[in-house]
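Student: following is a predicted model, sequence given first.
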Amino acid sequence: MIAEAGHYALVLALGLALIQSTVPIFGARWHDPALMNVARSTALAQMVFALGSFAALVTLHVTSDFSVVNVFENSHSLKPMIYKITGVWGNHEGSMLLWVSILALFGGLVAAFGNNLPLSLRAHVLAVQAWIASAFYLFILITSNPFLRIANPPIEGRDLNPVLQDIGLAVHPPMLYLGYVGFSISFSFAVAALIEGRIDAAWARWVRPWTLLAWIFLTLGIAMGSYWAYYELGWGGWWFWDPVENASLMPWLAGTALLHSAVVMEKRNALKVWTILLSILTFSLSLLGTFLVRSGVLTSVHAFATDPERGVFILLILCVFIGGSLSLYAWRASALKQGGLFAPISREGALVLNNLFLTTACATVFVGTLYPLALEVLTGDKISVGAPFFNLTFAPLFVPLLIAMPFGPLLAWKRGDLLGAAQRLFAAGIVALVTVAVIWAWTRGGSALAPLAIGLAVFVIAGALVDLTERIGLFRVPVAVVARRARGLPRSAWGTVFAHAGIGVALIGIVCETTWNSEYIGTMKPGDVTHVAGYELKLDRIMQRQGPNFREMVVPFDVSRDGRQLSTMTPSKRSFTTRETTTTESALLTRGVSQLYISLGETTADGAITVRIYHKPMVLLIWFGPVLMAFGGMMSLSDRRLRVGAPKPARAPRALQPAE
Amino acid sequence: MTLWFVFALMTAAAIFAVLWPLGRRGRPQNDASEATVYKDQLAEIDRDLAAGLIGRPEAEAAHVEIGRRLLAAADDQRAPPAAASLKLRRVAALMALIGLPILSAAFYLPLGSPQLGDFPLAERMRSPGANQSLDNLVAQVEEHLEKNPTDGRGWNVLAPVLMRLGRYDEAVRAYRNSITYNGDSADRRADLGEAIAGVAGGVVTAESKAEFQRAVALDAADVKARYFLGVAAEQDGRKAEAAAIWNEMLASAASDAPWRPLVQAALVRVGGSSAPALPDGAMEAAKDMGEADRNAMIHGMVDRLATRLKQNGGDVEGWLRLVRAYMVMGDRDKAKSALTDARQAVANDAERLRQLNEGLKNLGLDG
């Protein structure tokens, strides 16, 4: 009964979504508050049914009900409980159900917490949200139904892809989906604004928390996915410019741009039309990501099941929503009132610059990802656009962006003083130069550009701190005043500091890891000793062990440094009989923020084994940076205050206080 | 019937969600507007000014700007008054009352399987005739294979199940077909040989030996085939040769290979060097004993184990040790009865039953 009730709940959610997508629109057209309020109650009911349906699927997986095809194909009664649960979204059908449940969840949240929205705006937003939901309910029910049954259930399931049997699966996809789907809210707001033909600073204030929430989850989701790939795939790499990774990076870049342009809109009532476009583009890129991963256009660990019929369906959804919203934009954007003016050198100007670089970076990723696909469709040639292309295009775009970043927060709204900002950043520049000099003197080998890149990262971090000290008047006013100002400083300002510093931290990690990473690849026998980056690693023995649903070959290594025993690292290779596959479980030893990394290769006939040992300096900073950024986002999200950008008056009398 | 009742309740709840706002009268309690946001922004400027975060000229400029927006927003507020459109509300109510159930039925009936109940693992394990359902399953697979005799995967699945059920002659046929349609492999040849030996009541016949030899020719390291070649030698009375084969196997095996105890036990049987897996201390003690003493000690240990397991049947490892011990002592009947006891003792626990079966398989006891 659970299976059928879950199935029926999904069908009811579709019915409610269809009502939610039409009735409120009519209500708004004829100014009937009751009809507009239908959006709210149906959104809440739709959320309940969608989440109920998802809960039913989870229950089926947990109880190993193999009369459900989806459970039979992706579960196994011996699987540990955590993977029975995470296996729900470790496959195409289940992950689409999670996707649409999160969509319904966000719709329900807008309905529940949207009391501060004008009635017609809320009706429109929820109706647009329901359009998206209806399309995906149809997609799930028709092409990827997770509730199909087997009349004569088999005794045992086929098990989950062993690569996915990892704690990462519990965190990465839900986070990423919360991010992807969260951007549907700003999309719905944008389309609603276009339908209503009205947009203003208040709009940005209502959209801000949703965009920020989506961005936080997307940031964490991407970082988690990168760390998972790093330790699970056994190559020690953390970013491969794989099309699926790019598919998640594109909405992130566009979403980051959106976050910044929405600030301008909320505080200064400018860049309105551009913000609307960015909202549409960000969610469109999320949809594109879903299409690329789910249509079978790409092959990767993420493409669970490839089925042309599904691909065509998603392509259809993609065309309708992206094409429809962009047409609406082209048609209605000119009707929107233009916003306030500002001088090129101003906070607004800096944020426009940020948007230019971010969207251009997004465009290069877009080209690099889709060009090979387009070429293959048109000419049949298979080419691959890899790291060299992205390193050549992405880096030149990010360097000026990062140089400009500390200047932005120091400029005043409306008209800024670049020279003044530069003077205040003088200290940060000095710190950066000293860092470059020290690193040059200290290190041997590696790229000559690396110290410069680290200098840039230090400049970004120091710049964020300078911004903070300027705002609270540290070193210039009495301590009591500083403390009072620090308390009074909006949490969003603290958020900016953390998020910007996070970029610098991640950059340090990236540069150190790629430049000074050392590795050893070779075959070792029990008792062999090798040296990597000052560490001594002794292969102790090779032994077999039985896990819950796999057998594994465990190879303990004794790690010591300067003759002192540090720890034992135990990389292993697991073989899963049900799917007849093996996975490598690499061993990681964290020393500060650096890591030692061992992963096993093939065994040779004479009892030796191929091992790859890496020493990755500062590697953890790569993920610590995004965590810091997400933390900044959360601080900003917790700030319930209104945002006002006080403009600098044209001819200011000598300011009593420094301009914000 | 319960299912349809639940469906009816769910549908009613969904319809209610649509009808509820339609039935409510009066002006909506929601009067949020842009003006509210701007008023809040004005208050925010005053707070910032008081906290010293912005200077007075900036605050005044911001005041002017927001005041202008507030005026514009107030102008826009001349939105048409809320109008209750009864006709539209009725249409919406009809959509919910009739459209929603029809749409749900139209989608659910062709896609869903309301006649099927749930089938969770726990229930499958509780059902009394577990073997009965296994027989049914085998029948189904056989029926399928009768129609598609070239489905190699089907034969692959069927053969080990037949072995486990003790239907050796059918297993022989299934393995032969599996080899024909899946291709030759050392594993399949060894399994076939084992099935043939099963037909002969455990005697490695010439025919079965030929299969093991083929398996070893395909893969010199095939464990099962080598083990049974040893058994063949033992049954032919060539104990030294059997011991040589098994010793070689042990020498080249990983220290914790699952079949190690089995081969060690076999070695003991033919008087080879290796002793059965005993606690280390016992091994030391046993070394110094005479043949009779050693046997007495082993028998004593085995009996103690059997008694303990009678009281506490949940110990899968213990059962496996006991079965193994009886086999080592050449007491097949006792081994079989211990096996039956073990199955009964853990029958209520799916996890343990599986472990037990897994362990028995590792012992080479497929059924």
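Tutor: Alright, I've got the coordinates.

Student: run through the helices of the stretch 251-367 of chain B in chain order.
Tutor: In the stretch 251-367 of chain B, the helices defined using DSSP state H, counting those that start in this stretch lie at B:260-269, B:280-287, B:291-311, B:316-328, B:332-346, B:350-362.

Student: can you give me the strands in chain A?
Tutor: Here chain A has its strands, by DSSP state E, at A:518-524, A:529-532, A:535-539, A:543-546, A:551-554, A:557-561, A:564-569, A:572-576, A:581-585, A:587-591, A:594-603, A:609-616.

Student: deepest of these, which one?
Tutor: Most buried of the strands of chain A, by mean neighbour count (mean count of other Cβ atoms under 10 Å in any protein chain shown): strand A:609-616, with a mean of 21. For every residue, glycine as well, the C-beta is placed using N, CA and C.

Student: ok, how many other residues are close to residue A:319?
Tutor: Other residues near residue A:319 number 12, with proximity taken as other Cβ atoms under 10 Å in any protein chain shown.

Student: that older thread, and of the helices of the stretch 251-367 of chain B, who's closest to chain A?
Tutor: Among those, the nearest to chain A by Cβ to the nearest Cβ is helix B:350-362 (6.7 Å).

Student: what residue lies at the spatial centre of chain A?
Tutor: Closest residue to the average C-alpha location of chain A: residue A:218 at 2.5 Å, with Cα atoms, centre = their mean.

Student: that one reaches residue A:256, doesn't it?
Tutor: No - using Cβ atoms under 8 Å as the test, residue A:218 is too far from residue A:256 to be in contact (9.2 Å).

Student: which one is the residue of the stretch 201-350 of chain B found nearest chain A nearest to, not counting chain neighbours?
Tutor: The nearest approach of the stretch 201-350 of chain B to chain A comes at residue B:256, 5.0 Å away (Cβ to the nearest Cβ). In this structure, residue B:256 finds its nearest non-sequential neighbour in residue A:544, 5.0 Å apart by Cβ to Cβ, 6 or more residues apart in numbering or on different chains.

Student: and that neighbour, how far from residue A:581?
Tutor: Distance, residue A:544 to residue A:581, by Cβ to Cβ, to the nearest Å: 17 Å.

Student: hmm, back to that, can you pull the pLDDT of the residue of the stretch 201-350 of chain B closest to chain A?
Tutor: If you check residue B:256, the pLDDT there is 75.

Student: what is the neighbour count of it?
Tutor: Using other Cβ under 10 Å, residue B:256 has 10 other residues around it.

Student: pretty sure residue A:565 contacts residue A:538?
Tutor: No - applying Cβ under 8 Å as the test, residue A:565 and residue A:538 come out as separate, 9.7 Å apart.

Student: need the residues touching each of the two.
Tutor: Residues touching both residue A:565 and residue A:538 (Cβ atoms under 8 Å, 6 or more residues apart in numbering or on different chains) are residue A:558.

Student: and the residue nearest to residue B:253 when sequence neighbours are not counted, how many neighbours?
Tutor: By the measure of Cβ to Cβ, 6+ apart, the closest residue to residue B:253 outside its immediate chain neighbours is residue B:260, 6.0 Å from it. For residue B:260, the neighbour count with other Cβ under 10 Å is 17.

Student: shaky segments in chain B?
Tutor: Under the criterion pLDDT under 70, the flagged ranges of chain B are B:25-32, B:76-82, B:125-136, B:272-294, B:362-367.

Student: give the residue farthest from the middle of it.
Tutor: residue B:57 (71.1 Å).

Student: now that residue: how far from chain A?
Tutor: Distance of residue B:57 to chain A, given as Cβ to the nearest Cβ, to the nearest Å: 5 Å.

Student: for the host helix or strand of that residue, buried residues please.
Tutor: Assigned by DSSP states H and E, residue B:57 falls within helix B:56-76. Within helix B:56-76, the residues scored as buried using 16 or more other Cβ atoms under 10 Å in any protein chain shown are B:57-59, B:61-63, B:65-66, B:69-70, B:72-73.

Student: helices or strands next to that helix in the packing?
Tutor: Judged by 3 or more Cβ pairs under 8 Å, 6 or more residues apart in numbering or on different chains; DSSP states H and E, helix B:56-76 is in contact with helix B:34-50.

Student: and the helix it packs on, is it in reach of chain A?
Tutor: Yes - using Cβ under 8 Å from any Cβ of the partner chain, helix B:34-50 reaches chain A at B:34, B:36-38, B:40-41, B:43-45, B:47-48.

Student: want to throw these into CSV with neighbour count and distance to residue B:206?
Tutor: CSV is the format used below for those (neighbours: other Cβ atoms under 10 Å in any protein chain shown; distance: Cβ to Cβ, whole Å):
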residue, neighbour count, distance to residue B:206
B:34, 23, 95
B:36, 15, 95
B:37, 24, 93
B:38, 25, 98
B:40, 16, 95
B:41, 25, 96
B:43, 13, 99
B:44, 17, 96
B:45, 22, 100
B:47, 14, 98
B:48, 23, 98
